[in-house]
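**Student:** coords please:
(2 chains)
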Amino acid sequence: MFYGVALWAALTLNFILPRLMPGNPAEILLARFKGRVNPKAIDAFMVAFGLNQHHTLIQQYGAYLVQLMHGNLGISITYYPEPVIQVLGQALPWTLLLIAMATIISFLIGTLAGIVAAWHRGGVFDSVAPGIFTFTSSFPYFWFALIMLYFLAYKAGWFPIGSAYAGNHGSFALSNWPDLLYHTALPGFTIVVTSIGGWLLSMRNNMITTMGQDYIHMARAKGLARRRIMYQYAARNAILPNMTGFALSIGFIVSGALLTEIVFSYPGLGYTLLQAVQNEDYPLLQGTLLLIAVAVLLANFLVDLLYVRLDPRVRNQ
Amino acid sequence: MGRLSRLWSVGLVSLASAGIISWSSAGTFAALRPVRAFPSGGTVTWVDAPSGPFADNFNPWSPNNAAGGVTSIFESLLYINLYTGSVTPKLATAYHYTNHHQAIVFNLRHGVKWSNGTAFTAKDVVFTFTMLMKNPGIDLNDLKAMISSVVENSPYQVTVHLKAPNVTDLYYIAGDTPIVPQTQWGAIKDPVTFTDPHPITTGPFKVGSVSREQLTLVRNPLYWNKPEPYISKIVWPAYISNNTAALAMGQGKFTMASQFVPSIKKVLLDRNPAHYGDWFPPVSTNMLFLNDATYPFNLLAFRQALNDVINRKAIGQVGEQGYEVAANAVGLPANPQDKKQFDQAVIRKYAPVVSVPKAKAVLKKAGFRWRGGHLVSPKGHPVSVTVLAMSGATDWVADGGIIVNELHALGISAVEKTPAPSTLTADLASGHFQAAIDGTGSGPGAYYLYYPLLDSAFTAPIGKPATSNFERWRNATTNRLLNQYVTTFSQSKQQAILDQLETIMAKDLPVIPLTDSAAWEQYNSTHIVGFPTAKNPYAVLAYTANNNEYILAQLHRK
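**Tutor:** Take a look at the predicted model:
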């Protein structure tokens, strides 16, 4: 029920927000050509984009909902006449490849490092790691990505300057994977470096709180193996808040990482969203926002289910 | 070798004089014969960012392809060069007007084959025009308003019947309408949404491969004008930001580029001075659009005062980094084609002189006063001006800053705002602005710049969308002159009309010309040569599909 209402609200906002922007896509397209196109072409654009039919907002809203129920997201203006579904379908795999991989790696390393740091509280690792990763997480992302691009890709030439793949090797065939990973490495690295600190710190702090609990003392007193206490008793309880954060960020993965995609010329959903906004591409904007909304709701739903597995108290209620 | 290369250069000159003429009411051309076969082969990498991710869409009239871009594969009847003004025969070999300029007869080229091997004939030409006139969604030049019918006289001759004599139609009909094959397009249900993924063309290149990240064109072995083209492959990598494109160019990954590169000498040219070069030919004009429908911009004296304090030279040197030169009084770019139409007397008489005292005198005479250093309008209100420049266009933002400082000298409280491009576009269209920096259109001659800029047909009351006359210039004389021009087929009479329009631009200042607007070109002659350059300014890159196609066919290996 909650998810149904949330989805409807998201759909309606998706419809309203783009229409609050001034101007229309035909004007913007003509302006983008900077005088190289006959201004009379604006009439042709209006016809092609279907903007010459004067429907009221209510009519448009009705048509939009009916279209959605048929799974039709309309035709993109930026990529006219490509259907929005196809545009999103082209961009989504790249975003999933890059952002999902980077988020999972960052979460795993950060969480693990947090567990180790808390367990050896006051040790060498605990005094160095949180400091370093807090520092790297405080880098302004845009700046850090540009620096990495400039030194590692441009000056040293170790990585490609941009793009998700070389030339026409754009499929996920097995033989293309070395090339795909080579192109993902540097942008992925910048995301991991700048996001790892958050996972590490929150995990470490949760662990420390958990380790003060009576049941940990009890486990120690029983003489259980240290490893078992660390992972099965302390970490399993401490990870709950981190899991919530992870689920939320999984939802936001589909919104892409706009800055990463711009700096590294990566053809993902973030850049698609930016293009949709710049060109006032209502259908593409609606489609992208819908995808994000659905992904966030879905992630929330999954985390609800996951909680039940991780936390027996939820199960009993 | 010495003798051969000498013959060769003589040959090139005679080609230029034989095949290419200045266009007027009729044109016949000698056969085009390239004099010497350059070595063939080689790959050209063209950096044109931001571009991509590419869509597999080669429909030349599809909205996103309207300015040419990657669809530089089709040919029109004539190639009308928008920089030199010269005309090169393509699918038509000659044309002449008949029936009191109510019809144009085109003789078509024999022996042209479509890239699938079928012969090009008059049927294809008739089909293309008829299809465009039936489909308003792709009729970009509104051919339907100018043409009544297109008929086939013989397999190699067509007549285009016009609704009314109009000298400007020739460019849109012959120079800006790519011809497509009837056998392929005739079977298409909706040419507006057709993406033409496997285009069939008569041009020098055809599509090689398409992905989101890269697009390639390859040599068309059936091209009629042998031995063109010389290059075997053209590659467009997608760069979604200018920064990435600039880095790739820094690494030498380009053969030619159409990029704005800040501090280009240091960033790019000095890396390889022997082979890297640039050329920024003026193609249109950057204007300060004033909202002539609002007070006090509707007062000529106020516009004159602004004109007297704006230092175009400083804007060109500082704001535009010296890449663009100061505009002249009539607002026409200083390229070979437009220069022929300059009224030098008007340009000299109204040559801009920066003078604050002169501006103040003009304002004073018109009833403006100063109160505590602030300019006060005759109606008694303090004068404030907001200058708009779109965010992201760093040069225009810098220009706006210079203008704001200059307005301060008059006691105007001026500020600059930098809205997003889409917001600025909307503000210009609706008339909700005071002053804004934007470019003009262009075409084969002064008329094509003035018509969309000054004709009332392109404006609207404030609050309603204007198409291109954003300054809302409504002037009966201007409209009459523009109307007269299109039915004037004598070049001297055309010039007399242009002289009057130029006078209006310089004297009445509907907008204030700032700098010529340049097209960007960088080239890398390590392996490939034949680029248009300042020394050999034969065409402008990244401007229209026809220009690109022509240039690509001239490039060759060293």
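**Student:** and residue 174, its phi and psi?
**Tutor:** No chain in the question, so chain A it is. phi -60, psi -40 (degrees, to the nearest 10).
**Student:** you looked at the wrong chain, it should be chain B
**Tutor:** Backbone geometry at B:Ala174, expressed as degrees, to the nearest 10, gives phi -90, psi -30.
**Student:** my guess is it contacts B:Tyr95. True?
**Tutor:** Yes - counting by CB atoms under 8 Å, B:Tyr95 is a contact partner of B:Ala174 at 6.6 Å. In this view, the C-beta of every residue, glycine as well, is placed from N, C-alpha and C.
**Student:** need the overlap of contacts for these two.
**Tutor:** Shared contacts of B:Ala174 and B:Tyr95, defined by CB atoms under 8 Å, 6 or more residues apart in numbering or on different chains, comprise B:77-78, B:104, B:106.
**Student:** low-confidence bits of chain A, can you list those?
**Tutor:** Applying pLDDT under 70 to chain A picks out residues A:168, A:256, A:317.
**Student:** what's the PyMOL line that selects buried ones from the shared contacts of B:Ala174 and B:Tyr95?
**Tutor:** Applying 16 or more other CB atoms under 10 Å in any protein chain shown to the shared contacts of B:Ala174 and B:Tyr95, the buried members can be selected in PyMOL as follows:
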select buried, chain B and resi 77+78+104+106
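**Student:** dump the shared contacts of B:Ala174 and B:Tyr95 to CSV, plus secondary structure, distance to A:Pro187 and pLDDT.
**Tutor:** Output for the shared contacts of B:Ala174 and B:Tyr95, formatted as CSV (DSSP: H, G, I helix; E, B strand; the rest coil; distance: CB to CB, whole Å; pLDDT from 0 to 100):
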residue, secondary structure, distance to A:Pro187, pLDDT
B:Leu77, coil, 48, 97
B:Leu78, strand, 47, 96
B:Ile104, strand, 55, 97
B:Phe106, strand, 53, 97
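**Student:** between which two of the shared contacts of B:Ala174 and B:Tyr95 is the distance greatest?
**Tutor:** B:Leu78 and B:Ile104 (10.8 Å; CB to CB).
**Student:** anything in contact with each of these two?
**Tutor:** B:95, B:174.
**Student:** and the helices in the stretch 151-300 of chain A, which stretches?
**Tutor:** Counting by DSSP state H, counting those that start in this stretch, the stretch 151-300 of chain A has helices at residues A:177-211, A:214-222, A:226-228, A:236-253, A:258-263, A:269-278, A:282-310.
**Student:** need the contact partners of the third one.
**Tutor:** Right, helix A:226-228. With CB under 8 Å, 6+ apart, helix A:226-228 has contacts from A:Ala219.
**Student:** find out how far it is from the centre of the chain, if you would.
**Tutor:** Centre-to-centre, helix A:226-228 and its host chain are 35 Å apart (CA atoms, centre = their mean, to the nearest Å).
**Student:** over to the second one?
**Tutor:** Taking CA atoms, centre = their mean, the mean C-alpha location of helix A:214-222 is offset from the chain mean by 40 Å.
**Student:** and the last one, by the same measure?
**Tutor:** Taking CA atoms, centre = their mean, the mean C-alpha location of helix A:282-310 is offset from the chain mean by 11 Å.
**Student:** could you confirm whether it reaches chain B?
**Tutor:** No - on the criterion CB under 8 Å from any CB of the partner chain, helix A:282-310 is out of touch with chain B, staying 12.0 Å away.
**Student:** what helices or strands is the very next helix or strand once past that helix leaning on?
**Tutor:** Next along the chain after helix A:282-310, taking DSSP states H and E as the criterion, comes helix A:312-316. Helices and strands touching helix A:312-316, as assessed by 3 or more CB pairs under 8 Å, 6 or more residues apart in numbering or on different chains; DSSP states H and E, comprise helix A:282-310.
**Student:** show me what counts as buried in the helix it packs on.
**Tutor:** Neighbour counts over helix A:282-310 (16+ other CB under 10 Å) mark A:282-297, A:299-300, A:303, A:307 as buried.
**Student:** how about the helices of the stretch 151-300 of chain A in TSV, adding distance to B:Ile402?
**Tutor:** Output for the helices of the stretch 151-300 of chain A, formatted as TSV (distance: least, CB to CB, whole Å):
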stretch	distance to B:Ile402
helix A:177-211	37
helix A:214-222	68
helix A:226-228	69
helix A:236-253	42
helix A:258-263	29
helix A:269-278	27
helix A:282-310	36
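**Student:** how about the residue in the stretch 1-150 of chain A that chain B sits nearest to: what's its closest non-neighbour residue?
**Tutor:** The stretch 1-150 of chain A approaches chain B most closely through A:Gly23 (3.0 Å), counting by CB to the nearest CB. The spatially closest residue to A:Gly23, leaving aside those adjacent along the chain, is B:Ala426, at 3.0 Å (CB to CB, 6 or more residues apart in numbering or on different chains).
**Student:** for B:Val385, grab the count of nearby residues.
**Tutor:** Around B:Val385 sit 21 other residues, with neighbours defined as other CB atoms under 10 Å in any protein chain shown.
**Student:** what's the helix or strand harbouring it packed up against?
**Tutor:** Assigned by DSSP H and E, B:Val385 belongs to strand B:384-388. Contacts defined by 3+ CB pairs under 8 Å, 6+ apart place strand B:384-388 against helix B:394-408, strand B:413-417, strand B:435-439.
**Student:** could you list the contact residues of the stretch 1-150 of chain A toward chain B?
**Tutor:** So the stretch 1-150 of chain A meets chain B at A:21-24, A:26-45, A:47-49, A:75, A:77-82, A:90-91, A:146, A:149-150 (CB under 8 Å from any CB).
**Student:** looking at the residues you listed, which are in helices?
**Tutor:** Residues of the residues of the stretch 1-150 of chain A next to chain B located in helices (DSSP state H): A:26-32, A:41-45, A:47-49, A:90-91, A:146.
**Student:** tell me which residues touch residue 79, please.
**Tutor:** Because you didn't say which chain, this covers chain A. A:Tyr79 sits next to A:87, A:284, B:55, B:57, B:64 when contact means CB under 8 Å, 6+ apart.
**Student:** my bad, chain B
**Tutor:** Counting by CB under 8 Å, 6+ apart, B:Tyr79 makes contact with B:87-90, B:175, B:546, B:549-550.
**Student:** excluding its backbone neighbours, what's nearest it?
**Tutor:** In space, and not counting its chain neighbours, B:Tyr79 is closest to B:Thr88: 4.3 Å by CB to CB, 6+ apart.
**Student:** check which element follows the helix or strand hosting that neighbour along the chain.
**Tutor:** In the assignment (DSSP H and E), B:Thr88 maps to strand B:86-89. On the C-terminal side of strand B:86-89, the closest following helix or strand by DSSP H and E is strand B:92-98.
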